[in-house]
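Chemist: after the sequence you'll find the predicted model.
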Amino acid sequence: MKITDILIKLIPFIPRTLLMAGASLGLGLVFGSLLAAMKLSRFVVLKKIAEIFTTFVRCTPTMVLLFLCYYGLPLLFAHIGIDISGGSKTGFSITALTIFASGILSEIIRPAYLSVPKGQLEAAMTVGLTKFQAMTHIIIPQTIFVALPNIGNMAISLVQESSLAYLIGVIDVMGQAKVINSISSGLHIIPIYFAVSIICWLISLAIGRGIDVWTFRAGKVLR
Amino acid sequence: MDLDLEFLWTNLGEAVRGIPTTLAIIGVAMAIGIPLAFFIALARLNHIKVLSPILTLIISFLRGTPMMVQIFLVYNGMPLLLKAVTGPDFDVYSVPPILYAFLVFALNASAAYSEMWKAGLSSVGPRQLEAAQTVGLSGPQAYWHIIIPQAVNVSLPSFCSSTLTMLKNTSLVFVMTVMDITARAKVAAGLEYKYVEGYLDMFLVYLVVCSLIELAFKLIEKKMRRYQTDSAKNGKAGSGQAGKVKAAV
């Protein structure tokens, strides 16, 4: 089997990998911002909860998180009476990756938010914007601009961590590679994984390039 | 919660027995990776003719592909390579799989650490090197006594987070039948089908080991603070912020 044949067989499964990485990035940004807001709040209780959650998530291997979600969440929900053990495996892996992403993203968004000078908020309110308008039009765009390179790194990490989802049975690029491997009785294992590595490498390069271009464009507008 | 707490406790002892293997993998990876990364960073910063683009390509590959794929490639590919190099009489099954783990993680560590060295070395600046050579220090002496301490001081937080990421990635070596924390906890839990307890044990052990490594790095950071100079503190504004953000990650 040539590498090109394997690549053709793997390409239809790229959308699933991108779906997992993209959904966890999106949800991770939402929850990461929430965590960052908790860490910056005045209430010590919220701060402590957010810090403990972040430490837990940053110190856990993604695989452990994945399996805890897949085996543990149905148990947890069974106690409340909801049966989610039949839920889609992709959903479980997105949940685990979201938890992983939100922990790290909260530590990216928080310094980015702190790096925007406080004077911007005051100046905006002097001109007559409400606090909400000042946040959405002035502060948050600058926060996103500062955080963008690291969010890009996070996106690349998520694509790589999503390759672990095959361990719970998700058929993405990695899962399909395992299937092809078992069909061909392990004879072509090196070309198969070489093809997987090329696909992931190209996706990472594309994301990296995209983030570079986006940062450059956003920088021109904001400066 | 349907959790078997007694099994949780006994399995913890089993998982802890995997800590030496995990630490050995990280130790070897750092011992090989840190010096290798230093030279890679030097080669890339000085734009050495043929070496620099090749190294950039290799590093981009190592950082852009999932760890799982790299592990599979080495675990399946290295025996074939060894057989091709040493001839048909060599028994590839006699090679302990932990050596493959050392190889994969040493390569990955050098790729990750070379980025840290690059950031650290470029923040020190060429003037320090010139000044050191003016005073009469040779090249290696200048690097060892002047440049490296300052570079390490700048890049230590990112070192810490890279090492923690590597610790988390060592959990994947169970596919190579290397008996680390993950493998031991999994096997012991699988015998009684108590998977949730097994993974909770893994979670606890990794939490403790991570916290200890973080503590060790904080102590080293305190010791290295005496090398902090104004030139390192007032690096480019972008690198300052990026350094803060990277440190937070």
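Modeler: Cool, got the structure.
Chemist: for the chain, which segments count as helices?
Modeler: In the absence of a named chain, this looks at chain A. A:3-10, A:14-40, A:44-58, A:62-67, A:73-80, A:89-115, A:118-127, A:131-134, A:140-161, A:173-183, A:189-222 (DSSP state H).
Chemist: correction: the question concerned chain B.
Modeler: B:5-16, B:19-45, B:51-64, B:67-86, B:97-124, B:126-135, B:139-142, B:148-169, B:181-191, B:195-224, B:230-233, B:237-248.
Chemist: just name the most buried of the helices of chain A.
Modeler: helix A:62-67 (a mean of 25; mean count of other Cβ atoms under 10 Å in any protein chain shown). (Glycine included, C-beta is placed from N, CA and C.)
Chemist: take the helices of chain A and write them to a markdown table, including distance to residue B:153 and mean pLDDT.
Modeler: Below are these laid out as a markdown table (distance: least, Cβ to Cβ, whole Å; pLDDT from 0 to 100):
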| stretch | distance to residue B:153 | mean pLDDT |
| --- | --- | --- |
| helix A:3-10 | 45 | 85 |
| helix A:14-40 | 26 | 92 |
| helix A:44-58 | 23 | 91 |
| helix A:62-67 | 31 | 92 |
| helix A:73-80 | 43 | 83 |
| helix A:89-115 | 19 | 91 |
| helix A:118-127 | 29 | 86 |
| helix A:131-134 | 38 | 84 |
| helix A:140-161 | 21 | 89 |
| helix A:173-183 | 39 | 90 |
| helix A:189-222 | 27 | 88 |
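Chemist: for residue B:25, which of those is the nearest?
Modeler: Comparison of the helices of chain A against residue B:25 by Cβ to Cβ identifies helix A:62-67 as nearest, at 15.5 Å.
Chemist: contacts for that closest one next, please.
Modeler: A:57, A:92-93, A:96-97, A:99-100, A:161, A:164-165, A:167-168, B:168, B:171-172, B:182, B:195, B:199, B:202-203, B:206 (Cβ atoms under 8 Å, 6 or more residues apart in numbering or on different chains).
Chemist: could I get the contacting residues of the residue nearest the centre of chain A?
Modeler: Centroid-nearest residue in chain A, with Cα atoms, centre = their mean: residue A:25, separated by 3.2 Å. Neighbouring residues of residue A:25 by Cβ under 8 Å, 6+ apart: A:101, A:151, A:154, A:155, A:158.
Chemist: skipping its backbone neighbours, what lies nearest residue 59 in space?
Modeler: Went with chain A since none was named. residue B:210 (3.5 Å; Cβ to Cβ, 6 or more residues apart in numbering or on different chains).
Chemist: my bad, chain B
Modeler: residue B:111 (4.5 Å).
Chemist: on that earlier part again, what about the residue nearest to residue A:59, how many residues nearby?
Modeler: Residue crowding around residue B:210 was assessed by other Cβ atoms under 10 Å in any protein chain shown; the count is 20.
Chemist: thought residue B:163 was touching it, still the case?
Modeler: No: using Cβ atoms under 8 Å, residue B:210 is not in contact with residue B:163; the gap is 9.5 Å.
Chemist: sorry, back to before: identify the residues contacting the residue nearest to residue A:59.
Modeler: A:58, A:59, B:164, B:167, B:168.
Chemist: cool, residue A:40 as well?
Modeler: Each residue near residue A:40 by Cβ under 8 Å, 6+ apart is listed here: A:110, A:113, A:114.
Chemist: list just the nearest of those to residue B:96.
Modeler: residue A:110 (43.7 Å).
Chemist: gap between the most centrally placed residue in chain B and residue A:58?
Modeler: When Cα atoms, centre = their mean is applied to chain B, the residue found nearest the centroid is residue B:109 (3.9 Å). Taking Cβ to Cβ, to the nearest Å as the measure, residue B:109 and residue A:58 are separated by 19 Å.
Chemist: in JSON lines: the helices of chain A, plus distance to residue B:148.
Modeler: Formatted as JSON lines, these follow (distance: least, Cβ to Cβ, whole Å):
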{"stretch": "helix A:3-10", "distance to residue B:148": "42"}
{"stretch": "helix A:14-40", "distance to residue B:148": "34"}
{"stretch": "helix A:44-58", "distance to residue B:148": "28"}
{"stretch": "helix A:62-67", "distance to residue B:148": "33"}
{"stretch": "helix A:73-80", "distance to residue B:148": "47"}
{"stretch": "helix A:89-115", "distance to residue B:148": "27"}
{"stretch": "helix A:118-127", "distance to residue B:148": "37"}
{"stretch": "helix A:131-134", "distance to residue B:148": "45"}
{"stretch": "helix A:140-161", "distance to residue B:148": "26"}
{"stretch": "helix A:173-183", "distance to residue B:148": "39"}
{"stretch": "helix A:189-222", "distance to residue B:148": "29"}
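Chemist: that older thread, overlap between the contacts of residue A:40 and the residues near chain B?
Modeler: residue A:110 (Cβ under 8 Å from any Cβ of the partner chain).
Chemist: which one of the contacts of residue A:40 sits closest to residue A:210?
Modeler: residue A:113 (23.3 Å).
Chemist: quick one: that closest one from chain B, how far?
Modeler: As judged by Cβ to the nearest Cβ, to the nearest Å, residue A:113 and chain B stand 11 Å apart.
Chemist: so that residue makes contact with residue A:36?
Modeler: Yes: Residue A:113 is within contact range of residue A:36, at 6.5 Å (criterion: Cβ under 8 Å).
Chemist: what's residue A:201 in contact with, if anything?
Modeler: Counted by Cβ under 8 Å, 6+ apart, residue A:201 has contacts B:60, B:61, B:64, B:65.
Chemist: if we go to 6 Å?
Modeler: B:61, B:64, B:65 (Cβ atoms under 6 Å, 6 or more residues apart in numbering or on different chains).
Chemist: just the pLDDT for the first one.
Modeler: Going back to what we said before, that points to residue B:61. Here, the pLDDT recorded for residue B:61 equals 93.
Chemist: OK, contacts around it?
Modeler: residue A:201.
Chemist: what does the second one give?
Modeler: Residues near residue B:64 by Cβ under 6 Å, 6+ apart: A:201, A:204.
Chemist: what's the spacing between it and residue A:149?
Modeler: Applying Cβ to Cβ to residue B:64 and residue A:149 gives a distance of 16 Å.
Chemist: likewise for residue A:132?
Modeler: According to Cβ to Cβ, residue A:132 stands 28 Å off from residue A:149.
Chemist: same question, residue A:185
Modeler: 44 Å.
Chemist: helices and strands of chain B: which one has the lowest mean pLDDT?
Modeler: helix B:237-248 (a mean of 42; mean pLDDT, DSSP states H and E).
Chemist: and of the contacts of residue A:40, the nearest to residue B:10?
Modeler: Of the contacts of residue A:40, the one sitting nearest to residue B:10 (Cβ to Cβ) turns out to be residue A:110, at 39.7 Å.
Chemist: quick one: contacts for the nearest residue to the closest one once chain neighbours are set aside?
Modeler: Distance criterion Cβ to Cβ, 6+ apart; nearest residue to residue A:110, sequence neighbours excluded, is residue A:36 at 4.3 Å. Residue A:36 sits next to A:106, A:109, A:110 when contact means Cβ under 6 Å, 6+ apart.
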